[in-house]
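Peer 1: I would like the atomic coordinates for the input below:
(2 chains)
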Amino acid sequence: GAVVSQHPSRVICKSGTSVKIECRSLDFQATTMFWYRQFPKQSLMLMATSNEGSKATYEQGVEKDKFLINHASLTLSTLTVTSAHPEDSSFYICSARSRNSGNTIYFGEGSWLTVV
Amino acid sequence: GQNIDQPTEMTATEGAIVQINCTYQTSGFNGLFWYQQHAGEAPTFLSYNVLDGLEEKGRFSSFLSRSKGYSYLLLKELQMKDSASYLCAVREGSGNTGKLIFGQGTTLQVKP
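Peer 2: Sure, this is the predicted structure:
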């Protein structure tokens, strides 16, 4: 089946620094990618929808200047957490939809971010 | 707006059957998904319903009633490995371009 790869799987960064998380579709072209955040024992909260070649659409309450999303190609989307704070520590998951996959959305493995 | 409700926790016995309910109210409906998520891992796709009725896939079945805004996931012959969180997600928008909105998830504990 289709594979979506996220990198890094775990990252620790200092408060005030920025960290970039990559989401790649390995064997298909992802016209749309979604970024979710999940706090412990909570569900996935959609942060933004990313379409290749256009600006991301952010959900209400998500700061677009803090969570920078770039979908520069059909196989890569990146999420950059800028000026990270400890409260940004969370599990970040991307998902991708292929132009040919119909109803199937593929999830990445997720990235654990810890801000110290 | 959107509102997706699931029970927070459920407990069942190995070998038994469990039904996890999901009710939803969304501004636009274009399909309902069920995912399984083990702690610390990404969700795994289980099922998809867009028309009313029952979809069966092995030990897992999912039902949808669009008029009632209601779905359930049925797990048969429960195994210990089925202990996980089960997420109900609704797709909004038209065609295949809509976004998935997740419910809070139901943590299922299977006991011997």
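Peer 1: going forward, measure contacts and count neighbours with C-alpha atoms only.
Peer 2: Fine.
Peer 1: got the contact list for the residue nearest to residue B:84 when sequence neighbours are not counted?
Peer 2: Spatial nearest neighbour of residue B:84, chain neighbours left out: residue B:38 (4.9 Å); criterion: Cα to Cα, 6 or more residues apart in numbering or on different chains. By Cα atoms under 8 Å, 6 or more residues apart in numbering or on different chains, the contact set of residue B:38 is B:83-85.
Peer 1: repeat the analysis, applying 10 Å as the threshold.
Peer 2: Shown in contact with residue B:38 (Cα atoms under 10 Å, 6 or more residues apart in numbering or on different chains): B:44, B:81-86, B:107.
Peer 1: torsion angles phi and psi at it?
Peer 2: Per-residue torsions, residue B:38: phi -90, psi 150 (degrees, to the nearest 10).
Peer 1: now stretch A:50-68, how far from the centre of its chain.
Peer 2: Centroid separation for stretch A:50-68 versus its chain: 10 Å, with Cα atoms, centre = their mean, to the nearest Å.
Peer 1: please save the CA atoms from that stretch in CSV.
Peer 2: Extracted in CSV, the C-alpha atoms of stretch A:50-68 (Å, rounded to 0.1, in the frame of the first residue of the first chain):
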residue,chain,number,x,y,z
SER,A,50,-2.1,21.9,2.6
ASN,A,51,-2.5,21.8,-1.2
GLU,A,52,0.4,21.6,-3.5
GLY,A,53,1.5,24.9,-4.8
SER,A,54,-0.9,27.0,-2.8
LYS,A,55,-1.1,28.4,0.7
ALA,A,56,-2.3,26.2,3.5
THR,A,57,-5.7,26.6,4.9
TYR,A,58,-5.6,26.8,8.7
GLU,A,59,-8.2,25.8,11.1
GLN,A,60,-9.7,28.3,13.5
GLY,A,61,-7.4,28.9,16.4
VAL,A,62,-4.2,27.7,14.7
GLU,A,63,-1.6,30.5,14.4
LYS,A,64,-0.4,30.4,10.8
ASP,A,65,2.7,32.5,11.6
LYS,A,66,3.7,30.0,14.3
PHE,A,67,3.0,26.8,12.4
LEU,A,68,4.4,27.4,8.9
